[in-house]
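A.B. asks: give the three-dimensional model of this entry:
(4 chains)
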There are 2 protein chains.
Amino acid sequence: MPKDNTETKHFTVDCPNRLLFAEIADKWSMMILSVLDTGPHRFNGIKRCLEGVSQKSLTQTLRKLERNGIISRTVRSTSPVAVEYALTPLGMSLLEPYRAIYSWTCTNLQKVNAARATYDSLQ
Amino acid sequence: MPKDNTETKHFTVDCPNRLLFAEIADKWSMMILSVLDTGPHRFNGIKRCLEGVSQKSLTQTLRKLERNGIISRTVRSTSPVAVEYALTPLGMSLLEPYRAIYSWTCTNLQKVNAARATYDSLQ
DNA sequence: AACCATTAGTGCCTAATTGAAACTAAGTCT
DNA sequence: AGACTTAGTTTCAATTAGGCACTAATGGTT
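C.D. replies: Down below sits the predicted model:
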């Protein structure tokens, strides 16, 4: 019996949901969304809000989010050129599920810390 | 004016929520949770459900989830030793927010694909 | 005019993470 | 004995991520 028939594959390697999931469920994407939740921001404005992002990582993540239609990028030909990033309606719809995860971390941080302490004391 | 007073830091590098978020918001963790959502599984049972996981990545992710109190690991001293992984109550509470993200990917995959096509055609 | 700061990035290099493949060790089946 | 299962660990290669320096255009200061 090589395979249990109750074991169904949940995600194949080419599953589009899995691929999309991997693109939106990373820390920088989620943190950028939470910044843009407070209104449109410029490149360095986002950078200042997010301690520890390199320009390179920020650029890459913003491009990825833009490609996926989650944020918009508008260049204003002002004094020094201004690039404004804002949530699209699609991006706004992502905020709700994100908030659910974020609030889970807030309400359960104590329990997780307790679990970690227990686990570490047994090693 | 070096810094805009409307720009508040959202996540500092040592923010516990941010650290916890980074631990639970990765693809393998989420996929393992969705497998265990259907009931307890053994190591190789999970591996068979998740196409493309290496033993190493699976072991590492399972350990991390166990340390955070999200899954339990019980060794049964049967024929070839059986190790059963199951969701803890804390892990079950994580499923709801996760489902919100997952269902977002399902309902918005088409929109994302359309956005990608538009973006790619302009490059 | 020279100098410095800001804007939004890009490029190089190194460090960290991930993954694939082989190996371990204990037990079952034929 | 030999093959196969269990649940991993180890080793090495490849991909990815991050730090730092650099660019180019514009504005203000001295």
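A.B. asks: quick one: neighbours of residue A:103, just the number.
C.D. replies: Counted with other CB atoms under 10 Å in any protein chain shown, the neighbours of residue A:103 add up to 12. (Each C-beta comes from the backbone N, C-alpha and C, glycine too.)
A.B. asks: just the pLDDT for it.
C.D. replies: Note for residue A:103: predicted pLDDT of 88.
A.B. asks: doesn't it fall inside a helix?
C.D. replies: Yes - under DSSP: H, G, I helix; E, B strand; the rest coil, residue A:103 sits within a helix.
A.B. asks: so what's the residue nearest to it when sequence neighbours are not counted up against?
C.D. replies: In space, and not counting its chain neighbours, residue A:103 is closest to residue B:97: 7.7 Å by CB to CB, 6 or more residues apart in numbering or on different chains. Counting by CB atoms under 8 Å, 6 or more residues apart in numbering or on different chains, residue B:97 touches A:97, A:100, A:101, A:103, A:104.
A.B. asks: which pLDDT value belongs to residue B:97?
C.D. replies: Listed pLDDT for residue B:97 reads 89.
A.B. asks: again, but for the one 3 residues further on
C.D. replies: Predicted confidence (pLDDT) at residue B:100: the value is 88.
A.B. asks: next, find the distance separating it from residue A:99.
C.D. replies: Relative to residue A:99, residue B:100 is positioned 9 Å away (CB to CB, to the nearest Å).
A.B. asks: give the buried residues for stretch A:17-33.
C.D. replies: For stretch A:17-33, burial by neighbour count (16 or more other CB atoms under 10 Å in any protein chain shown) applies to A:18, A:20-25, A:27-33.
A.B. asks: same check on stretch A:40-58?
C.D. replies: The neighbour-count check on stretch A:40-58 (16+ other CB under 10 Å) flags A:41, A:42, A:43, A:45, A:46, A:47, A:48, A:49, A:50, A:53, A:58 as buried.
A.B. asks: up against DNA strand D, what does chain A have?
C.D. replies: Contact residues, chain A versus DNA strand D (CB under 7 Å from any atom of the strand): A:2, A:26, A:28, A:52, A:53, A:54, A:55, A:56, A:57, A:60, A:79, A:80.
A.B. asks: can I take it that the last one is in a helix?
C.D. replies: No - assigned with three-state DSSP, residue A:80 falls outside any helix and is coil.
A.B. asks: what number of residues are in the vicinity of it?
C.D. replies: Neighbours around residue A:80, by other CB under 10 Å: 4.
A.B. asks: could you measure it against residue A:53, distance?
C.D. replies: Going from residue A:80 to residue A:53 by CB to CB gives 20 Å.
A.B. asks: tell me which element the residue nearest the centre of chain A is part of?
C.D. replies: In chain A, the centroid-proximal residue (CA atoms, centre = their mean) is residue A:30; its distance is 2.4 Å. Residue A:30 is part of helix A:27-36, with elements assigned from DSSP states H and E.
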